[in-house]
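Visitor: curious how this folds, go ahead:
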Amino acid sequence: MTMPTLNIGKIDYLNVWPMFQLLEHPEDGHFDHTLVPGHPSFLNELLARGEIDVSPSSAFEYLLHAEQYQILPGLSISSDGPVQSVLLVSPVPREDLPSFLAHHHNRVNVTGASATSVALLKVLWSLAWGFDQPQWQVVEPGEGLGLGLPFLEIGDRALRIHADRPRGWHITDLGEAWKQWTGLPFVFALWIVRKNLFPERQAMLTTLAARLLDIKKQVPDHLEHLLDQARNKGFSREVLRRYWQIMSYELGEQEQASLALYAHLCTRLGLLPGCPALNKCT
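Guide: Numbers count the residues shown, from 1 in each chain. Prediction:
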């Protein structure tokens with residue numbers, strides 16, 4: 001008889017790497033699970049098809065399909081200010097973008113890897129900065145610098161741009177822009193759970209949730225050890241230290257208020273059909 005396995009999506013970015021590194025610590029208790037790596041949009045697809053059971057995945061995906069999912073309480077991937085890895089990168093200062101775009105096909109390039117970040121840019125663009133919506137063009141991650149147009153970059157590629165800023169380009173950190181506009185942190189991802197798990201997997205999920213809540217508290221104490229383990233990640237120790245110190249894995253009252261505001265503003269722009277409640281696993 002085949003033993004059940006909990007299939008866990010693993011965002012393939014450094015923002016959540018510390019959580020997964022500690023989850024796999026050999027001193028921790030064992031339960032049968034499989035990690036499936038990928039970028040947020042890919043993991044969204046796997047969740048929707050039932051090919052994984054739980055994953056830190058796009059907050060926008062949850063808000064768009066809340067009837068299909070639950071979330072693990074107390075857990076997110078957030079920033080309370082600058083995030084360093086969700087960036088609008090532009091050949092001109094942000095205030096000059098409308099006049100620049102008027103002469104460059106009115107096009108802004110975005111990644112297809114994160115619906116949350118794309119919707120956040122659209123909200124800030126129209127409602128915070130007061131710009132007319134441009135033509136949004138999806139391009140492959142990493143192509144933006146070679147195209148000469150404003151572009152949205154996320155994840156490790158964005159962190160590299162933040163750490164080694166390309167000459168002649170201007171950077172807007174979207175986590176910082178949201179904080180300046182709303183006074184709230186921004187929630188980029190939630191731990192999303194497929195509904196109607198078999199009882200065996202539901203029991204494993206309870207174990208996973210408890211371990212993740214414990215791991216969330218451990219990250220600061222293990223930071224130097226995590227930096228030792230990350231020597232092959234292509235970033236300096238100081239870049240990763242600053243990055244992991246600003247990342248938050250909380251889902252408290254401020255984060256929930258931010259999610260509700262984000263959902264409201266996305267609904268206002270027609271990006272979401274409404275503002276769902278947070279359906280938490282018990």
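Visitor: only C-alpha atoms from now on, for both contacts and neighbour counts.
Guide: Noted.
Visitor: now do the strands in the chain.
Guide: 6-11, 33-38, 54-58, 69-79, 86-90, 107-111, 135-139, 151-154, 170-173, 186-194, 247-248 (DSSP state E).
Visitor: just so I know, which of those lies nearest Asp221?
Guide: Nearest to Asp221, of all the strands of the chain, is strand 247-248, at 14.2 Å by Cα to Cα.
Visitor: what's next to the closest one, contact-wise?
Guide: Under the criterion Cα atoms under 8 Å, 6 or more residues apart in numbering, residues 15, 76-80, 83 lie in contact with strand 247-248.
Visitor: let's see 6 Å
Guide: 77-79 (Cα atoms under 6 Å, 6 or more residues apart in numbering).
Visitor: can you pick the most crowded of those residues?
Guide: Neighbour counts for the contacts of strand 247-248, by other Cα atoms under 10 Å, peak at Ser79, which reaches 24 neighbours.
Visitor: so that one bridges to which residues?
Guide: Phe186, Met247 (DSSP bridges).
Visitor: what about His222, how many residues nearby?
Guide: 13.
Visitor: got the contact list for the closest residue to Lys280 other than its chain neighbours?
Guide: Residue nearest to Lys280 in three dimensions, not counting chain neighbours: Ile71, with 4.8 Å by Cα to Cα, 6 or more residues apart in numbering. Applying Cα under 6 Å, 6+ apart to Ile71 gives the contacts 191-193, 280-281.
Visitor: rerun that using 8 Å as the cut-off
Guide: So Ile71 contacts 190-193, 278-281 (Cα under 8 Å, 6+ apart).
Visitor: same question for Val16.
Guide: Per Cα under 8 Å, 6+ apart, neighbours of Val16: Ile77.
Visitor: give me phi/psi at it?
Guide: phi -110, psi 0 (degrees, to the nearest 10).
Visitor: so what pLDDT did the residue nearest to Lys280 get?
Guide: With respect to pLDDT, Ile71 has a value of 95.
Visitor: what sits opposite it in the beta ladder?
Guide: Applying DSSP bridges, one finds that Ile71 bridges with Ile192, Lys280.
Visitor: distance of it from Gly175?
Guide: 22 Å (Cα to Cα, to the nearest Å).
Visitor: what do you get for Pro166?
Guide: 20 Å.
Visitor: now Gln256
Guide: For Gln256, the distance to Gly175 - Cα to Cα - is 16 Å.
Visitor: more neighbours: these two, which one.
Guide: Between Gln256 and Gly175, Gly175 has the larger neighbour count (other Cα under 10 Å), namely 25 against 19.
Visitor: so that one sits against Ile77, correct?
Guide: No. Gly175 is beyond contact range of Ile77, at 11.7 Å (criterion: Cα atoms under 8 Å).
Visitor: so what's Leu6 closest to, chain neighbours aside?
Guide: His33 is the one closest to Leu6 (Cα to Cα, 6+ apart), at 4.5 Å.
Visitor: which residues does that neighbour contact?
Guide: The contact partners of His33, by Cα under 8 Å, 6+ apart, come to 5-8.
Visitor: any idea how far the closest residue to Leu22 other than its chain neighbours is from Leu14?
Guide: Distances taken as Cα to Cα, 6+ apart put Ile215 closest to Leu22, at 6.6 Å, once the chain neighbours are dropped. Computed as Cα to Cα, the Ile215 to Leu14 distance reads 16 Å.
Visitor: who touches the residue most central in space within the chain in this structure?
Guide: In the chain, the residue lying closest to the centroid (Cα atoms, centre = their mean) is Phe188, at 3.7 Å. Contact analysis of Phe188 by Cα under 8 Å, 6+ apart lists 58-59, 76-78, 116-117.
Visitor: same check, this time on Leu120
Guide: 174, 262.
Visitor: residue ranges of the helices in the stretch 151-282 of the chain, please?
Guide: 155-163, 174-182, 199-218, 223-229, 237-246, 253-268 (DSSP state H, counting those that start in this stretch).
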